[in-house]
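Chemist: Show me how the following folds:
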Amino acid sequence: MFDANTRHLYRRLLGYIAPYKWMIALTLFTLVVIAAMEPATAAILKDLVDDSLIKKDPDSFVILPILLAGVFIVKGVAEYFSKVASQWIAQKAILSIRDEMFRKLQFLPMATFQQFSTGEWMSKITYDVAQTGRALSEAWIVLIRDTLIVIALFGYMLYISWELTLLMMLIGPVVAYIIDRASKLMRHSSTEMQHNMGRMTHQLEEGLVGHRDIKLYHAEFYEQSRFHQTAQDLMHHTMNVTKVSALNVPLVQVLAAVALSIVVYIAMKMSADGAFTPGELLSYITAMALTFEPIRRLTNINITIQKGMAAAQSIFELLDREEEPDRGQGMLETVQGTLRFDDVTFYYPQADTPTFEHFNLTIPARKTTALVGESGSGKSTLVSLIARFYQPQNGRILLDQHPIDALSLHALREQLAFVSQQVVLFNDTVRANIAYGQNSIDEDAIIHAAQQAQAWDFIQQLPQGLDTPIGDNGARLSGGQRQRLAIARAFLKDAPILILDEATSALDNQSERSIQEAMQSLTQNRTVIVIAHRLSTIEQADQIVVLDRGSIVEQGSHHELMTKEGRYFTLQQQGLANA
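Modeler: Numbering: from 1, shown residues only. Prediction:
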């Protein structure tokens, strides 16, 4: 049950309940009381037979029933407090684990997010934590309580007859071997169950998010087949665990029953020879019978432990991942906004060829620079490198002559505002989405930002105005309304560097014109980087950089590049400024 890896995992897991020493002490005390009541029951039965039924002692007629009732009352109270206290401890530990996991997710590097699907991340925090919760709320209680009960009962049995008890204990090594073999089989299947659950959660998420495309492309049966296969794999591994567990418990019980039968036969022979009183014989057999249930629970809890340890391993793999490197300590009091790529070489993880190699580019302060090129040319990668979502393997990126990796991530990203064509909104109010990440923002400032983004008119028409919930990723808003909220968020942040990934792509022509007018004030006295999808949005840019496979093929103003009739001219003619 407990190999070296399991012990290591369980010790680490128990570290989450270590702060609650008083509650642990209360739980342990109640477990000792419960264990002590088991042999007390057998002892009372001995006196009940010998004193009440055989000797006809009148005092025992009153005392023994009261004692028997008292034992069950004390045991019941102790079981109540042990269950409540242990569950409280487990829930506090689960809260700590989930908080730690969610915090970890916020600080993982971008490359790590690309290794797992969203469904797999969700499965870790929901399903895996629930499995470890059972290991914390049930497993250690069963292990301690039932081990103490077995020890107490065997201690009482040794007191009655040490010879018979030693004979009974001969099955111990056989039981231990069976449990060890079952543990290894269940751990493997439990680990596979974690993976299947992650895949199933991911497919469920895809089915919910992509339901429109599924219907339009008539892929209902294809998605159903994929989901069924994953669910079937999960069922297969679940049944493997169930089969091993189902065989494990009765096998141990059969062994115990055989040993009990032998011991009962010998005990009755000894009683017939006068070695036992009738009360001692009944008491001994009762004590042996009482060991069956705790032994069954100890055997059965193995499945909970193995599922919990498989889940714990998955959780700790996440918690042990390296966080986003943040070795910079510097801060900038004032930012002009000049960005310079100095001989930068960058590979994506596991990529065979570099996205950029010996790349050089200067983005002047308080000017608008547009990045143009076909898909895969490196436009979005440049933005990711500026935000330090990725680190270049060679070269430097400088902000006002300061290497950005010398700045703390907070200090760097505080200087950036970003508006993407793929708007990300949160299931919260309009107010919270505009003021996202900022505390104590004056309502007038929020309203002003909404007005600048041409969003205030539609916000006023919402049922609760700024306090209207917008649903999952702004599901209750139109595409244009969602994009205006994202633009209002950028207005409110008022950062010196503004990155626009075709921020008006979801707007109709009239709305786009009004937004473009509003953006004239937003882009003034700021360094603006525009990733363009429409040439109309970049014709007024101070600098246009045409990229092709990580290299600059043309650079200049719109008029200069059109005059050259080169790559930019061709893209303009084809309408593929950013295909």
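
Chemist: Flag the shaky bits of the stretch 451-579 of the chain, pLDDT-wise.
Modeler: Along the stretch 451-579 of the chain, segments meeting pLDDT under 70 span 503-519, 521, 533-537, 575-579.

Chemist: hey, where'd the strands end up in it?
Modeler: Ranges of strands within the stretch 451-579 of the chain are 497-501, 527-531, 543-548, 551-556, based on DSSP state E, counting those that start in this stretch.

Chemist: Break the chain down into its structural domains.
Modeler: The record's domain parsing of the chain by automatic domain parsing lists 4-319, 339-574.

Chemist: L282 and A43: what is the separation?
Modeler: 11 Å (C-beta to C-beta, to the nearest Å). Heads up, the C-betas are built off the backbone N, CA and C, glycines and all.

Chemist: tell me the strands in this structure, going along the chain?
Modeler: Ranges of strands within the chain are 339-346, 356-363, 368-372, 394-399, 402-403, 416-420, 497-501, 527-531, 543-548, 551-556, based on DSSP state E.

Chemist: Turn the ones you listed into CSV, columns for distance to M562 and mean neighbour count.
Modeler: Output for these, formatted as CSV (distance: least, C-beta to C-beta, whole Å; neighbours: other C-beta atoms under 10 Å):
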stretch, distance to M562, mean neighbour count
strand 339-346, 25, 19
strand 356-363, 21, 18
strand 368-372, 12, 24
strand 394-399, 30, 18
strand 402-403, 36, 16
strand 416-420, 27, 20
strand 497-501, 22, 23
strand 527-531, 17, 24
strand 543-548, 10, 22
strand 551-556, 9, 16
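
Chemist: got the contact list for A135?
Modeler: Applying C-beta atoms under 8 Å, 6 or more residues apart in numbering, we find A135 in contact with Y10, L13, T304, I305, K307, G308, M309, A311, A312.

Chemist: Excluding sequence neighbours, find me the nearest residue to the second one.
Modeler: So the one you mean is L13. A312 (5.3 Å; C-beta to C-beta, 6 or more residues apart in numbering).

Chemist: can you pull the contacts of that neighbour?
Modeler: A312 neighbours (C-beta under 8 Å, 6+ apart): L9, Y10, R12, L13, D128, T132, A135.

Chemist: is it true that L136 touches I17?
Modeler: Yes: judged on C-beta atoms under 8 Å, L136 makes contact with I17 at a distance of 6.4 Å.

Chemist: ok, these two, which is more surrounded?
Modeler: A direct count of neighbours by other C-beta atoms under 10 Å for L136 and I17 places L136 higher, at 26 against 20.

Chemist: what's the spacing between that one and A90?
Modeler: 4 Å.

Chemist: quick one on the thing from earlier: mind listing the shared neighbours of L136 and I17?
Modeler: I89, A90, A93.

Chemist: Just confirm the first one contacts L136, I think it does.
Modeler: Yes: using C-beta under 8 Å, I89 is in contact with L136, at 7.3 Å.

Chemist: any common contacting residues for these two?
Modeler: Common neighbours of I89 and L136, using C-beta under 8 Å, 6+ apart, are I17.

Chemist: Can I get stretch 405-416 as CSV, trimmed to CA atoms?
Modeler: What follows is stretch 405-416, C-alpha atoms only, in CSV (Å, rounded to 0.1, in the frame of the first residue of the first chain):
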residue,chain,number,x,y,z
ASP,A,405,14.8,41.4,-18.8
ALA,A,406,16.4,43.7,-16.3
LEU,A,407,12.9,45.0,-15.4
SER,A,408,10.5,43.1,-13.2
LEU,A,409,7.6,41.7,-15.2
HIS,A,410,5.1,43.9,-13.3
ALA,A,411,7.2,47.0,-14.1
LEU,A,412,7.4,46.1,-17.8
ARG,A,413,3.8,45.1,-18.3
GLU,A,414,2.6,48.1,-16.5
GLN,A,415,3.8,50.1,-19.5
LEU,A,416,1.8,48.0,-22.0
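
Chemist: Could you give the average pLDDT over that stretch?
Modeler: Stretch 405-416 carries an average pLDDT of 89.

Chemist: tell me the contacts of the closest residue to T381 other than its chain neighbours?
Modeler: In space, and not counting its chain neighbours, T381 is closest to T355: 5.1 Å by C-beta to C-beta, 6+ apart. T355 makes contact with F346, Y347, Y348, G378, T381, G550, according to C-beta under 8 Å, 6+ apart.

Chemist: returning to that earlier point: any chance of the contacts of A312 in a markdown table, plus pLDDT?
Modeler: Below are the contacts of A312 laid out as a markdown table (pLDDT from 0 to 100):
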| residue | pLDDT |
| --- | --- |
| L9 | 82 |
| Y10 | 80 |
| R12 | 87 |
| L13 | 85 |
| D128 | 84 |
| T132 | 86 |
| A135 | 81 |
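
Chemist: What's the PyMOL line that selects buried ones from those residues?
Modeler: Buried residues within those, by 16 or more other C-beta atoms under 10 Å, are selected in PyMOL with:
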select buried, resi 9+10+13+128+132+135
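
Chemist: Could you pick out which of the contacts of A312 are located in helices?
Modeler: Using DSSP state H, the subset of those located in helices is L9, Y10, R12, L13, T132.

Chemist: How many residues are close by the residue lying closest to K83 once chain neighbours are set aside?
Modeler: The shortest distance from K83 to any non-neighbouring residue, by C-beta to C-beta, 6+ apart, is to I141 (7.9 Å). By other C-beta under 10 Å, 23 other residues sit near I141.
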